[in-house]
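A.B. asks: coords please:
(chains A and B, ligands or ions: 2)
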Amino acid sequence: MSKEHKNYLKKIKSEKIIIKIIQILIILIIIFIWQYAANKGLINTFVSSSPENILKTIIKLHKDGSLFHHIWITLYEVIVSFILGSTIGIVIAAILWRYNFIFKIIDPYLTVLNSMPKVSLGPIIIILAGASTKSIIIMALLISVIITIINMHQAFKETDKNKIRLLQSFNANKSQIFFKLILPSNFNNLINTFKVNIGLVFIGVIMGEFLVSKAGIGYLIMYGSQVFNLNLVMTGIIILAVMASVMHYIIIFIEKKLF
Amino acid sequence: MDILKIKNLRKTYHTKENEFLAVDNFSFNLKEGEFVAIVGPSGCGKSTILSILCGLDKPSSGDIKYNKTLNFGYMLQSDNLFEWLTVYDNCLLGLNIKKDLKNKNYVDKLLKTYGLWDFKDSYPSNLSGGMRQRASLIRTLAIKPDILLLDEPFSALDYQTRLAVSDDVYKIIKKEGKSAIMVTHDISEAISMSDRIIVLTDRPSTIKKIYTINLENKKTPIENRKDKKFAYYYDQIWKDIECHV
Ligand SMILES: Nc1ncnc2c1ncn2[C@@H]1O[C@H](COP(=O)(O)OP(=O)(O)O)[C@@H](O)[C@H]1O
Ligand SMILES: [Mg+2]
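C.D. replies: Ligands and ions are numbered 1, 2, ... in the order given. A predicted model of the protein is given here:
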């Protein structure tokens, strides 16, 4: 390796480290200013809470054993609706790819369902499914499934026509074409859909928990706001941010592993 | 011996705006081991003819007679290798679909003979343009086709590679003793490779002329380009196509 190339690699590496350091610094500075303003009475901690109060709240929740209970409930709902939403969406997209006639019939309904705010269906879902975890999962599922169908069907349809002809020249049937070509060639789109879905499912689950639940991070935030405990609200929001980013990185990790 | 007899083939396409005749009155017989090129202006219906022959498309009328059940190997413009499969799995694609992995040894043999054995576990992105084309040909040969249908197989390649690859592919086809029908709009390529050339008219495609290529000294495609009679055929076919531009 030439010296020049070594320097080049070094430069890339050091830039990466500097960016990481700045990113961490930004968070630390925000926390510091927030805490400082709270201590000096510059902001009203009753409304805006403070890092110290949030930490205390987390410790308190952990001590009475409810912290991981709430996290687990939300996580469970997110995972179940993510898996259901993605699977059902992909299966339906595959069916629509296979039977274009059905797609033509339901196309306008999909468009309408997609542009409609699914949250507005909340009350109906609760009446039908009861004020339970089931309602929350149905809500999150609805939000993610329609867009999955639309995106994946579009991607399936855009698969290289020449490759399809090639398989047909080997007398491949539709299901062979799907599993040998359509699905693997759309791997990228699949991962992107998963990334979008994880975000959407989170929205659905938290909305659902706002409406019906007796546990979960959404419930924590809702309960906090009802009893004017803004520390609890802030704590809930911070936990959500951490959960969402962990999920995101897990998907990126899986993506890297598979490529 | 004729292994394929096509009589009065006709294909009409229907679109929302109109219907039009793409191929009309197309008749010819293919001899065993023969290499036939079809040349004609673009959009005249050459691809249509090939896809009808291998059963991907239905003719509107006409008659195609095979002397036995024929196996067609179809090779399209780009190599269409699957990037997520290894070279080996790409070559086995047809056999996998036909659930006929008895022929696996034949693929091994082809890969070894044509210099791809060392690359069998690589992915297509690591192959050169020429090697990709060879892999694509092996994938087609794997199903032991009686007739190869080549639809502008080299047009995605740059000129230099194209000459080398067409030489390569030609030798392989001859060595494996296959009959072939190749569509191209490159007149030189057609003359350098084929025994006969079918010149088509503009749409609807009918046969304008059929040339039997009798070069002074028939060798490989690259050598054939230097043949004394090459220019003669080139001029003739050029004139046939030119008046339709
Ligand atoms: N499925 C189809 N439906 C309607 N028109 C078609 C279809 N396939 C091809 N065509 C038309 O038929 C004509 C001949 O096509 P093609 O056989 O691909 O020409 P070539 O291969 O000689 O360039 C073109 O004008 C093309 O647009
Ligand atoms: Mg064509």
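
A.B. asks: C-alpha from now on. contacts and neighbour counts both.
C.D. replies: Will do.

A.B. asks: near ligand 1, which residues of chain B?
C.D. replies: For chain B, the residues in contact with ligand 1 (C-alpha under 6 Å from any ligand atom) are B:Tyr13, B:His14, B:Thr15, B:Ala22, B:Ser42, B:Gly43, B:Cys44, B:Gly45, B:Lys46, B:Ser47, B:Thr48.

A.B. asks: the helices in the stretch 51-200 of chain A, which residues?
C.D. replies: Using DSSP state H, counting those that start in this stretch, the helices found in the stretch 51-200 of chain A span residues A:51-63, A:67-98, A:100-115, A:122-129, A:133-157, A:161-169, A:174-177, A:183-185, A:187-212.

A.B. asks: can you count the residues close to the closest residue to A:Gly208 other than its chain neighbours?
C.D. replies: Spatial nearest neighbour of A:Gly208, excluding adjacent residues (C-alpha to C-alpha, 6 or more residues apart in numbering or on different chains): A:Ile136 at 4.5 Å. Using other C-alpha atoms under 10 Å in any protein chain shown, A:Ile136 is surrounded by 29 other residues.

A.B. asks: go on, the one 5 residues further on?
C.D. replies: Residue crowding around A:Leu141 was assessed by other C-alpha under 10 Å; the count is 28.

A.B. asks: Identify each buried residue in stretch A:96-108, please.
C.D. replies: For stretch A:96-108, burial by neighbour count (16 or more other C-alpha atoms under 10 Å in any protein chain shown) applies to A:Leu96, A:Trp97, A:Arg98, A:Phe103.

A.B. asks: got the contact list for that stretch?
C.D. replies: Contact with stretch A:96-108 is made by A:His153, A:Phe156, A:Lys157, A:Lys174, as judged by C-alpha atoms under 8 Å, 6 or more residues apart in numbering or on different chains.

A.B. asks: any idea how far chain B is from the second one?
C.D. replies: Read it as A:Phe156. 16 Å (C-alpha to the nearest C-alpha, to the nearest Å).

A.B. asks: The residue nearest to that residue when sequence neighbours are not counted: neighbour count?
C.D. replies: Distance criterion C-alpha to C-alpha, 6+ apart; nearest residue to A:Phe156, sequence neighbours excluded, is A:Ile182 at 6.0 Å. A:Ile182 has 22 neighbouring residues, counting by other C-alpha under 10 Å.

A.B. asks: confidence score at A:Ile182?
C.D. replies: Here the pLDDT value assigned to A:Ile182 is 96.

A.B. asks: so what's B:Thr15 scoring on pLDDT?
C.D. replies: B:Thr15 is given a pLDDT of 89.

A.B. asks: should've said B:Cys44
C.D. replies: 86.

A.B. asks: ok, now which ones touch the closest residue to it other than its chain neighbours?
C.D. replies: Closest residue to B:Cys44 apart from its sequence neighbours, by C-alpha to C-alpha, 6+ apart: B:Arg203 at 4.6 Å. Counting by C-alpha under 8 Å, 6+ apart, B:Arg203 touches B:Leu21, B:Ala22, B:Val23, B:Gly43, B:Cys44, B:Gly45.

A.B. asks: Take the residues of chain B next to ligand 1 and keep only those in helices.
C.D. replies: Within the residues of chain B next to ligand 1, residues falling in helices by DSSP state H are B:Lys46, B:Ser47, B:Thr48.

A.B. asks: now the residues you listed in CSV, with neighbour count?
C.D. replies: Formatted as CSV, these follow (neighbours: other C-alpha atoms under 10 Å in any protein chain shown):
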residue, neighbour count
B:Lys46, 24
B:Ser47, 20
B:Thr48, 18
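
A.B. asks: elements contacting the longest helix seen in chain B?
C.D. replies: Using DSSP H to define each element, chain B has its longest helix at helix B:159-175. Judged by 3 or more C-alpha pairs under 8 Å, 6 or more residues apart in numbering or on different chains; DSSP states H and E, the packing partners of helix B:159-175 are helix B:129-142, helix B:221-224.

A.B. asks: Out of those helices, which one sits most buried?
C.D. replies: helix B:129-142 (a mean of 23; mean count of other C-alpha atoms under 10 Å in any protein chain shown).

A.B. asks: all helices for chain B, in order.
C.D. replies: Applying DSSP H to chain B gives helices spanning B:46-53, B:87-91, B:93-97, B:104-113, B:129-142, B:159-175, B:187-193, B:221-224, B:230-242.

A.B. asks: If you count contacts, what does the shortest one end up packed against?
C.D. replies: Taking 3+ C-alpha pairs under 8 Å, 6+ apart as contact, the helices and strands that helix B:221-224 lies on are helix B:159-175, helix B:187-193.

A.B. asks: which residues touch that helix?
C.D. replies: Contacting residues not belonging to helix B:221-224 are listed as B:Leu163, B:Ala164, B:Ser166, B:Asp167, B:Tyr170, B:Glu189, B:Ser192, B:Met193, B:Leu215, B:Asn217, B:Lys218, B:Phe230 [C-alpha under 8 Å, 6+ apart].

A.B. asks: For that helix, the averaged confidence score.
C.D. replies: So the average pLDDT for helix B:221-224 ends up being 88.
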